[in-house]
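>>> Provided below are the primary sequence and the corresponding predicted coordinates.
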Amino acid sequence: MRPDLEYTDIAALHGPLIVVRRTSGVGWDEFARIRSATGEERHGLVLEVHEDIALVQVLEGTAAMTTGGTRVTFTGGPLRIPVGDGWLGRVCDGRGEPRDGGPPVFGTTTAAVSGSPLNPTRRLPPADPVLTGVSAIDALTTLVRGQKIAIFSSAGLPHLELAAQIGAQANAGGEPFSVVFAAMGLTHADAATVRDALEERSAAGELALLLNLADDPVIERVLTPRLALTIAEHLAFTGGRHVLVVMADMLGYCEALREVSVARGEIPARRAYPGYLYSDLASLYERCGRVRGMPGSVTVVPVLTMPARDMTHPVPDLTGYITEGQIVLSPDVPVRPPVDALSSLSRMMRAGVTPAHLDLAAQCLAALARARQARELAELVGETALGDTDRRHLDFERAFLDHVVAQRADECRTLAETVDRVWRALAVLPRRELTMIAGDVLDARHREAV
Amino acid sequence: MGTLTRVNGPLVEVAGLPGLAMFELVGLGPVRLPGEVVEIRGDRATVQAYEYTGGLRAGDPATAYGRPLSAGLGPHLLGGVFDGLLRPLSGADVWLTGARTPSGGREWRFTPLVTAGDPVDLETPLGEVETAGAPSYLVLAPAAGRVGAIRPAGPVGPGEPVGRVGGRDVTLLRRWPVRRPMPYRERLEEVVPLTTGQRVVDLLLPVSRGGTVAVPGGFGTGKTVLLQQIAKWCDADVVVYVGCGERGNEMAEVVAALAELADPRTGGRLADRTVVIANTSNMPMMAREASIYTGVTVAEHFRSMGHDAVVIADSTSRWAEARREFASRSGAMPAEEGYPADLASALAAFYERAGRVTTLGGRTGSVTVIGAVSPPGGDMTEPVTAHTQRFVRCLWTLDRDLAYARHYPAVSWSASFARDAEAIAGWHAREGRPGWGERRARVASLLAEADRLALLAELVGAAALPARERVALLAGRLLREGVLQQSALSPADAFCDAERTIALTDAVLGVIGRCEELAARGVPAGRIEQSDFSPVLRAKDDAPDPETVRARAEGVPGAP
Ligand SMILES: Nc1ncnc2c1ncn2[C@@H]1O[C@H](COP(=O)(O)OP(=O)(O)OP(=O)(O)O)[C@@H](O)[C@H]1O
Ligand SMILES: [Mg+2]
């Protein structure tokens, strides 16, 4: 509309915010380009308009900016990016600028990064699995196409390796598949690990990688997952692919959001995070799905570290309230990947597996729960004081960890192999304990080890 | 025509609209995004927009509608899916934007129940509309007066009057301001249960028609599944399911399930007695705030026809958060945890819209309200959970430990209450089911005893307990696994009627009694525990009727 109109009357700069005076016709949530006195280009979003004043959030921060000499132009609409297959095989920064030395990404069309809510009546319930090749996940917390499921972890655990392994191995049983990986606030070392693990996938033209690193502009992080989802929606619903979006680490994203909120002087809610954190996270996670009458699917896997392993911290808590399940990593699990099966749950699982698989998973979880009780008791009275059934459950827990959960980071297992391993672990339990599995299935698969 | 002077997300300031009233509906910008007046100061008014305000500019036009936010009520509601302002979603675009093209509406078959010249009272039925659903849809007189004209039996088009009363045209569409409760003649004292089909509820924590229930629970504890089960199987005439700031996939699932399931009472589709309001978490936050009121207004509308309606709101916490968000943007002084100071009174007023009443037209109807509560961090002392508990008749607290142990529904028997339980036991006795109260008391005391002993056993080990106490522990397990657990996925057990609930409970109580006898006769507890209880534990899933259930329990525990 008025892309060339430049505003130079800057009333104030504070935190990531800049107050532009004597504007006209600036819309809320518009995208802005800001040229500093030194000629450097930055980018911003309109947070508020009040008569002729516009409050703009600068993605790259306001460091070294001055009130004099700064020029702001408004683009006449919300931020849009090109979309299309051009993103596949590329590595870009958190704003979509190339990081791989290649040319800027072009697309045949553009889309607004904020997306629009999908009409709930046009959603198809999630169905069919995204197989990750990771036994602990495929056996007990199956990812279902169109679902969102979080990985909860804590500092020092290999959640990024697991996320990268999932990104590298995930597939939709031969149907077109691609991965969009959004990294937020990762260290250079972590980013390198992720890049290495995903190398092949990228070379195969099945991956778009957006890297916002720990020393990149913090506020840019607010945009990175939105870009990733916008790219994914197009690859899925126009391109007909099943798309997996991995977003790591959501804690970094939420901290960026908090920074903006504090700079604006908003009334804080829990732990100084803004009161709208739930809705903001939902505006990301809810972009997963399948759409009636359109091909493809978007499956979203946010990864987050829980500060001090606290699951009641607002970021894991609100994530848990939005996602359809969680995969929990715990330092108490002695194998790698340290998936804590009892705390993990895929709520959509029944839409992605056979009824027999569902029974099998339910039985494993019941037995693991019983094993945990027995272990707690054994800590008090000693393992020798336990009854036979309790001791067998402890054996089961060990067998389950060794045969099913433990897995190398470069090892991709088929679903059949995973199921075989589960049966091998169940062999240590007597048949009378397997009340959740139908008799004929037990006849066929259960070989009690004596 | 006024103008916008300020846009701050959903909060928009307008000027130049003299005479605006609080809560009046205002159209914002060129596409007239709906919003509601929430503050007036001099010539400026603050409007809370119900849609994404991206692109709105200072200087854009604002239009006043001269009426408050109101819901359009009519026969089209049954079987439909709507947003928080009750605009149909079924015909709307795949990707939602603020603007909606109003649908033309359809024709309905109308049958008059009065003749021209008849005197009618307020809410006398003027006629009936044929819907796909079971509940009869009555068109009620909006005022007392004489019937000036009435349409003969046959189709009525959208907007066409079906008659005239006291000089005013009556159409099938009725508008009601959602924040104002609909009037009724009087509240009824008598307690009649709502059968939910969920054993833990009907047996231990029953709810009455016109009652109020809060269902607090941390994430993943099973609020939505429990509420959806009740939406499907409870014996109400009309169910209003409000997805308030929750997941789109869940809405898609419930809508699909309702369309497929047959209503056991009528043979029709369950969808045809259901009104779904879907304001998911990624849809505009302020329409989410309104959706709770919209939902209860729809239920009141059906209550006035003499129906038993149930409003299910998942989750009321999202509604409270929307209010907090609005209050904080408008600079209101925050009270507890940033919530506005009127949180408790707003909650109380909302739950007070429930009730079993005599309507203005003399019929009996009810609105039952069941609201999920999502406490941050699972903290039951947080303001929304703490205040809600004060205003409800029933509390079904979902327990994280039970959920983690996959004990579903994870309703805690010790941290919940049902204040109408005794009155409901009396009702069962009058209906020819004596002993309901005693059965409930026996189950409750066995569970409490087992919980007490489990704590003890954690300290000393179960093996150290005397046989009688080990049997009491076993009794707790049998009740939990054989009666209270109820999988929503089990085809035979998703819904359990009163007779089968009695049969299952009595079967398990019988087994417990026999175990107690064995222990009293000196049989070692270890031998009793080793018996095969699976026939009676699996009965809930594979014994379809009370006779089979009873047969299962025979011979359990086997002779030692
Ligand atoms: N009655 C039940 N039968 C079988 N499974 C259940 C039952 N109740 C809960 N579950 C399991 O628990 C999961 C979580 O339940 P649900 O989605 O209802 O939790 P919630 O309390 O609504 O969580 P949130 O607050 O995050 O929305 C379900 O996906 C299902 O796997
Ligand atoms: Mg829920």
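Thanks, I have it. Ligands and ions are numbered 1, 2, ... in the order given.
>>> what segments of the stretch 51-200 of chain B are strands?
Ranges of strands within the stretch 51-200 of chain B are B:61-68, B:70-73, B:81-82, B:108-112, B:119-120, B:125-129, B:137-140, B:145-150, B:154-156, B:161-165, B:168-171, B:174-177, B:186-187, B:193-194, based on DSSP state E, counting those that start in this stretch.
>>> between those strands, which one is closest to B:A349.
For B:A349, the closest of these is strand B:174-177, at 14.2 Å, according to C-beta to C-beta. C-betas here are computed from N, CA, C, even on glycine.
>>> what residues does the closest one touch?
B:23, B:67-74, B:142, B:182, B:297, B:300-301 (C-beta atoms under 8 Å, 6 or more residues apart in numbering or on different chains).
>>> could you find the closest non-adjacent residue to B:A149?
B:R164 (4.6 Å; C-beta to C-beta, 6 or more residues apart in numbering or on different chains).
>>> in which helix or strand does B:E499 reside?
Under the criterion of DSSP states H and E, B:E499 resides in helix B:498-520.
>>> other SSEs contacting the helix or strand following that helix?
Note on helix B:498-520: by DSSP H and E, the next helix or strand toward the C-terminus is helix B:525-529. Applying 3 or more C-beta pairs under 8 Å, 6 or more residues apart in numbering or on different chains; DSSP states H and E, we find helix B:525-529 packed against helix B:467-479, helix B:498-520.
>>> does the next helix or strand after helix B:525-529 come close to ligand 1?
The element immediately downstream of helix B:525-529 (helix or strand, assigned by DSSP H and E) is helix B:534-542. No - using C-beta under 6 Å from any ligand atom, helix B:534-542 stays clear of ligand 1, coming no nearer than 11.4 Å.
>>> OK, contacts around the closest residue to ligand 2 within the stretch 51-200 of chain A?
Of all residues in the stretch 51-200 of chain A, the one sitting closest to ligand 2 is A:K148 (13.3 Å; C-beta to the ion). Taking C-beta under 8 Å, 6+ apart as the criterion, A:K148 is in contact with A:Y285, A:E286, A:C288, A:T299, A:V300, A:V301, A:P302, A:I322, A:T323, A:E324.
>>> and these, which are buried?
By neighbour count, with 16 or more other C-beta atoms under 10 Å in any protein chain shown, these hold A:Y285, A:E286, A:C288, A:T299, A:V300, A:V301, A:P302, A:I322, A:T323, A:E324 as buried.
>>> among those residues, which lie within strands?
Members of those lying in strands (criterion: DSSP state E): A:T299, A:V300, A:V301, A:P302.
>>> the last one against A:A150, yeah?
Yes - using C-beta atoms under 8 Å, A:P302 is in contact with A:A150, at 4.8 Å.
>>> intersection of neighbour lists for these two?
In contact with both A:P302 and A:A150: A:M250, A:T319, A:T323, using C-beta under 8 Å, 6+ apart.
>>> once you drop chain neighbours, what's closest to the closest residue to ligand 2 within the stretch 351-450 of chain A?
Nearest to ligand 2, among the residues of the stretch 351-450 of chain A, is A:A351, at 16.2 Å (C-beta to the ion). Spatial nearest neighbour of A:A351, chain neighbours left out: A:A127 (4.7 Å); criterion: C-beta to C-beta, 6+ apart.
>>> if we can go back for a sec, hang on, the residue nearest to B:A149 packs against B:R146?
No - applying C-beta under 8 Å, one finds B:R164 not in contact with B:R146, separated by 9.2 Å.
>>> which one's more surrounded, these two?
Of the pair B:R164 and B:R146, B:R164 is the one with more neighbours under other C-beta atoms under 10 Å in any protein chain shown, namely 18 against 13.
>>> contacting residues for that one?
Here B:R164 is in contact with B:V147, B:G148, B:A149, B:I150, B:V170 (criterion: C-beta under 8 Å, 6+ apart).
>>> for B:G79, state which of the residues you listed is nearest.
Closest approach to B:G79 among those (C-beta to C-beta): B:V170, at 23.1 Å.
>>> will you turn the contacts of A:K148 into CSV that also has pLDDT and distance to B:V192?
Below are the contacts of A:K148 laid out as CSV (pLDDT from 0 to 100; distance: C-beta to C-beta, whole Å):
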residue, pLDDT, distance to B:V192
A:Y285, 97, 42
A:E286, 96, 39
A:C288, 97, 43
A:T299, 98, 46
A:V300, 98, 45
A:V301, 98, 48
A:P302, 98, 46
A:I322, 94, 38
A:T323, 96, 40
A:E324, 95, 37
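>>> which stretches of the stretch 101-250 of chain A form helices?
If DSSP state H, counting those that start in this stretch is used as the criterion, the helices of the stretch 101-250 of chain A fall at A:135-140, A:159-169, A:188-203, A:224-233, A:250-263.
>>> ok, which of those comes nearest B:F391?
That would be helix A:250-263 among those, by C-beta to C-beta, at 31.7 Å.
>>> buried residues, the closest one. List them.
A:250-261, A:263.
>>> look up the closest residue to residue 159, ignoring the ones flanking it.
In the absence of a named chain, this looks at chain A. In this structure, A:H159 finds its nearest non-sequential neighbour in A:S153, 3.5 Å apart by C-beta to C-beta, 6+ apart.
>>> wait, chain B was what I had in mind.
Leaving out its chain neighbours, the residue that sits closest to B:G159 by C-beta to C-beta, 6+ apart is B:T171, at 6.1 Å.
>>> B:I424 belongs to a helix?
Yes - secondary structure of B:I424 (DSSP: H, G, I helix; E, B strand; the rest coil): part of a helix.
>>> any idea how far B:G378 lies from ligand 1?
Per C-beta to the nearest ligand atom, to the nearest Å, B:G378 is found 10 Å from ligand 1.
>>> check A:C92 too.
33 Å.
>>> if I look at that residue, how far off is A:Y285?
Separation of A:C92 from A:Y285 (C-beta to C-beta, to the nearest Å) stands at 22 Å.
>>> okay, and the beta partners of the residue nearest to B:A149?
For B:R164, the beta-bridge assignment (DSSP bridges) gives partners B:A149, B:D169.
>>> how close does it get to ligand 1?
For B:R164, the distance to ligand 1 equals 48 Å [C-beta to the nearest ligand atom].
>>> hmm, back to that, and which of the shared contacts of A:P302 and A:A150 is nearest to A:D100?
Ranked by distance to A:D100 (C-beta to C-beta), these are led by A:M250 at 24.6 Å.
>>> contacting residues for residue 231?
Looking at chain A here, since you left the chain open. With contacts defined as C-beta under 8 Å, 6+ apart, A:I231 is in contact with A:I81, A:V83, A:W87, A:V180, A:A208.
>>> try again with chain B
B:V239, B:Y241, B:V254, B:L258, B:T274, B:V310, B:I312.
>>> what of B:P334?
Contacts for B:P334 (C-beta under 8 Å, 6+ apart) come out as A:I267, B:R324, B:A327, B:S328, B:P340.
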